[in-house]
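1. The sequence and its predicted three-dimensional model are supplied below.
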Amino acid sequence: MKRKIDSLAGVLSVAWLVSSAAGATPEEDVTTPPPSTMATVSGPSLTELSGADLTVRHIHNLEDLADAVPGLSIAPTLNSTSIPQLFLRGEGQNSPGQITRDGAVGIYQDGFYIARAEAATFDLLELDHIDVLRGPQGAAYGRDTTGGVIAITSTQPSGTLRFKQYVDFGARNSFRVLSSLDAPSWHDISVKLTGLASGIDGYVKNLATSSLDYGLEHERAGRVQVSWSGLPTLRVDYFAELTRLDSTADYDTNPSLNGDFIYFFTPYYANPDGPMAKTYRPVSLPLSTSRHFAQGLTLTWRPSSTLTVESLTGYRTLDQTAWQDYAESEGFSEFGADLYEHHQLTEELSASALLLDGQLHLNAGAGYFRERGFHTALLDLPADGLVFRNAIVADARSESGHLSIEVAPAFARGLTVTLAARYTQDRRDAERFRSDSFAVFETGAASGAVNELSYHRIDPALTVSYRLTDAVSIFVDAASSYRAGGALETAPVGQFAAAVFRPESLGTVEVGLKSKLLDDRLELGVSAFDSRAKDVQAPLPINVITDELFTLQRVMIRGAELTLAWAPLPDLKLTASGAYLNWSVDRADVLAGTVLDPATGSGSPYGVGENVRQLFSFPFAPKYAGDVGADYTRSVSFGQLTAHLDYAYRGSVFADWTAGSGVPGSNFDAVPAYALLNARLALAQMTDFSHEIVIALWGHNILNRRYYALDTGFGGGLAAFSASGPPQGYTARIGAWAQPATYGVEITYRY
């Protein structure tokens, strides 16, 4: 804590000196929020979605966001729909339920970091915009951003009387009711209240009528925002948010087992061509519950027009219980439960100054992060009479300091050079308690099941941009970021202390062009990038409860991205975006003592030092992804008519690391490609100068395409080897089908 206080005091001292040098004038007004002082170095590859974009696309949560951002993949886990797997440019976390392992896509809400993916499917309430920054963002945002950042910005209190009532209802008894009230400013205090109630029935009916259906979701949420601007140079913003999310998991199926008698005298059945209308047997399925509470305090001090100091202090808690009955999809009866408790404290202090008539922009700051979590995983195998229990206690601390310098010299008009770096020091501790129905295997520190890791990293970034003309600019961006290390929760008994994810660094070089042509009616952006990573650690499944780590010494991801917006007519706008990814595992040498070393007893046919790159794949990295859309607006006698269409394509992706070309049946571990057509038709009418009513019809997947939300290979994979040598691989697909077409009516009233 002393280091934290010293760091913050140091930044304040720098801010005071810069303020003096810049000639501070206390009369500067901050009644409106200034731009955040967070460094934004590596962000040329940026997708910006305004509040209007989110409305016409019917985006209410992160899952909806993936359709609008090629290169972003979001999928549920097999055991929970409320624990998403987030991947951007092939970087992510395909086991997000492990609290000792961080993701690679940072989520920020109003500048505050959301560390855990658990319950990250919560409704985003009323937003001003969402920015998706692709590529390493370590210098600007810190660790766990090797893939990029999703920055969510809420609509702030306006200080004037405003009211919004939104009602949406549709298929499967879906509803979403959102109310927001902006109160008039009182003594320079502005208050905004937002409340939400939403729900949708499950799409796989449970034959156990007294239990719950698969795929249902209900949410209740409330948010209060308070802003104070009583001093001309100081603004205070506070928010508190409480969310309750109840859901049931997706229904996992395996058609290769059709006809087998696995569960008593009931033959197994799964539809091979689409989602089941009902479960094949009665299932006792409990409700999964999530509760999170978040609050944040932002202090913004602007002593002059050239200096801004900002402090963000956030606290977040999460309690979640996720239940899943896999309904024999893995060939045996299996029931799982995951219990989470999470506490998170963040502090970020930054000072931003403009010097030399705006030719020099300095940004310096320090950050502190503390997280403590608990995760208990229960696995019930009724046929064996076994219940496995794996309990983790984890503690993570991080301290950082960052500096960025942006130079736009007057003698080189159009040229901007930005150099930045962030230093981070991490410490991560964990202990494990493991038992089954008959024995206790580990009791935390008392049995040596303790994992401790500490390290420090520097993430540099350099961006050079040049404006060729007022309408065309080019950029070159070089940046790195790292993903925090930690323990492997599912390590074999007795190996928890040694099973360590080392921090993984990714470096990227990117070049691109942005332009506005034809009197700004045509916008074009194109970029290409090359990313390299070393010593990537992949968890390899040994059985249903145990994994071992394997190191991929060198991996590469190259790609290109394109965005296009064209307005051929004043009332018509056409958009297109696309992403291309080409990944490869270049070196994956078998190391002594690892899972593929034959001396460990795995029966591996590979020798120590042999490059087995052919066994591995990159999860959730589609080779091709794209989106095309059209928006049409027309004024009519009774209001304004708007129509929106978008068609999103996502290429095939692997669900796990162990699906390389050298693994038989690796195609069974691939989520097949799919394309969705979405639409919205709305009529808006102003009843007078202050009242507006909008009535809209919307549809998602209106062609009712059948596609997998997630699947994984069924079979031995890399866990077992045949007598002839190669791994047994996969023989079938375990899949969770996505929900069918949904549609509805939304009514919005604004005052």
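-> Noted; the coordinates are in hand.
2. And Thr600, how far from Val608?
-> 10 Å (C-beta to C-beta, to the nearest Å). Yep, even glycine has a C-beta here, placed from its N, CA and C like the rest.
3. Ok, Leu572 next?
-> 63 Å.
4. Sheet-wise, list the partners of the helix or strand encompassing Asp535 with their directions.
-> Per DSSP states H and E: Asp535 is located in strand 522-541. Using DSSP bridges, the strands paired with strand 522-541 are strand 504-517 (antiparallel), strand 547-569 (antiparallel).
5. Low-confidence bits of the stretch 551-700 of the chain, can you list those?
-> The stretch 551-700 of the chain contains residues with pLDDT under 70 at 601-602, 689.
6. how about the strands in it?
-> Here the stretch 551-700 of the chain has its strands, by DSSP state E, counting those that start in this stretch, at 572-587, 624-636, 639-650, 653-654, 670-671, 674-686, 692-700.
7. next one: the stretch 401-550 of the chain
-> So, for the stretch 401-550 of the chain - with DSSP E, counting those that start in this stretch - the strands run 415-435, 440-443, 450-467, 472-483, 486-487, 500-501, 504-517, 522-541, 547-569.
8. Partner strands of the first one, with direction?
-> Sheet pairing here is set by DSSP bridges, and for strand 415-435 it gives strand 386-407 (antiparallel), strand 440-443 (antiparallel), strand 450-467 (antiparallel).
9. Name the nearest residue to the residue most central in space within the chain, ignoring sequence neighbours.
-> The centroid of the chain falls nearest to Leu86 when counting by C-alpha atoms, centre = their mean (4.3 Å). Spatially, and ignoring its direct neighbours in sequence, Leu86 is nearest to Val105 (4.4 Å; C-beta to C-beta, 6 or more residues apart in numbering).
10. For the one you found, give its distance to Gln495.
-> 29 Å.
11. Please identify which of these two sits among more neighbours.
-> Val105 (29 against 13; other C-beta atoms under 10 Å).
12. just checking, Arg162 touches Glu692?
-> No: with contacts counted by C-beta atoms under 8 Å, Arg162 stays clear of Glu692, the gap being 11.0 Å.
13. Mind listing the shared neighbours of the two?
-> Common neighbours of Arg162 and Glu692 (criterion: C-beta atoms under 8 Å, 6 or more residues apart in numbering): 750-751.
14. Which strand residues bridge Ala625?
-> Beta-bridge pairing of Ala625 under DSSP bridges involves Ala579, Arg650.
15. For it, give me its contacts.
-> Ala625 neighbours (C-beta under 8 Å, 6+ apart): 70-71, 578-579, 581, 649-651.
16. With Gly629 instead?
-> So Gly629 contacts 574-576, 644-647 (C-beta under 8 Å, 6+ apart).
17. So which of those residues is the closest to Arg176?
-> Comparing those against Arg176 with C-beta to C-beta picks out His644 as the nearest, at 18.0 Å.
18. For Pro136, which non-adjacent residue is spatially closest?
-> Ser481 (3.6 Å).
19. Surely that neighbour touches Gly148?
-> No: look at Ser481 against Gly148 with C-beta under 8 Å: they stay out of range, at 9.1 Å.
20. Show me where the stretch 101-250 of the chain has its helices.
-> Here the stretch 101-250 of the chain has its helices, by DSSP state H, counting those that start in this stretch, at 138-141.
21. hey, where'd the strands end up in it?
-> Ranges of strands in the stretch 101-250 of the chain, per DSSP E, counting those that start in this stretch, are 105-109, 112-114, 127-134, 148-154, 162-170, 174-182, 189-200, 217-231, 234-247.
22. Can you give the strand pairings for the third one, parallel or anti for each?
-> Neighbouring strands of strand 127-134 in its sheet, by DSSP bridges, are strand 46-50 (antiparallel), strand 148-154 (antiparallel).
23. Flag every buried residue along stretch 587-597.
-> Under the neighbour-count criterion of 16 or more other C-beta atoms under 10 Å, stretch 587-597 has 588-590, 594-597 buried.
24. neighbours of Leu231, just the number please.
-> Around Leu231 there are 14 residues (other C-beta under 10 Å).
25. do the same with Leu488
-> For Leu488, using other C-beta under 10 Å, the count is 25.
26. got it, and Asn173?
-> Neighbour count for Asn173, taken as other C-beta under 10 Å: 10.
27. how close does it get to Gly716?
-> 42 Å.
28. for Ser211, same thing?
-> 33 Å.
29. try Leu522
-> Shown here: Leu522 relative to Gly716, a distance of 53 Å by C-beta to C-beta.
30. hang on, the earlier thing: in contact with the residue nearest to Leu86, which residues?
-> 86-88, 91-92, 144-145, 147-150.
31. Among those residues, which one lies nearest to Arg316?
-> For the contacts of Val105, the nearest to Arg316 is Asp144 (15.2 Å; C-beta to C-beta).
32. thinking again about what came up before, for Asn701, find the nearest of the strands of the stretch 401-550 of the chain.
-> strand 547-569 (23.5 Å).
33. Now do the closest one against strand 624-636, angle only.
-> Relative orientation of strand 547-569 versus strand 624-636 (axes from the mean of the first three to the mean of the last three C-alpha atoms, to 10 degrees): 40 degrees.
34. coming back round to it: which of the contacts of Gly629 tops the neighbour count?
-> The most crowded member of the contacts of Gly629 is His644, carrying 22 neighbours; neighbours defined as other C-beta under 10 Å.
35. The nearest residue to Ile150 once chain neighbours are set aside pairs with what?
-> Ranked by C-beta to C-beta, 6+ apart and with sequence neighbours excluded, the top spatial neighbour of Ile150 is Ile107, at 5.1 Å. For Ile107, the beta-bridge partners under DSSP bridges are Ile114, Ile150.
36. Now do the contacts for Ile107.
-> 62, 86, 113-114, 120, 149-150, 152.
37. What separation is there between it and Thr100?
-> Applying C-beta to C-beta to Ile107 and Thr100 gives a distance of 18 Å.
38. Could you do Gly660 as well?
-> Counting by C-beta to C-beta, the gap from Gly660 to Thr100 is 26 Å.
39. So for those two, which residue has more residues nearby?
-> The neighbour count for Gly660 versus Thr100, taken as other C-beta under 10 Å, is higher for Thr100 (28 against 20).
40. Could you check how far that one is from Ala487?
-> Note on Thr100: its distance to Ala487, by C-beta to C-beta, is 4 Å.
41. now swap in Phe175 and tell me
-> 42 Å.
42. Check Glu561 too.
-> 35 Å.
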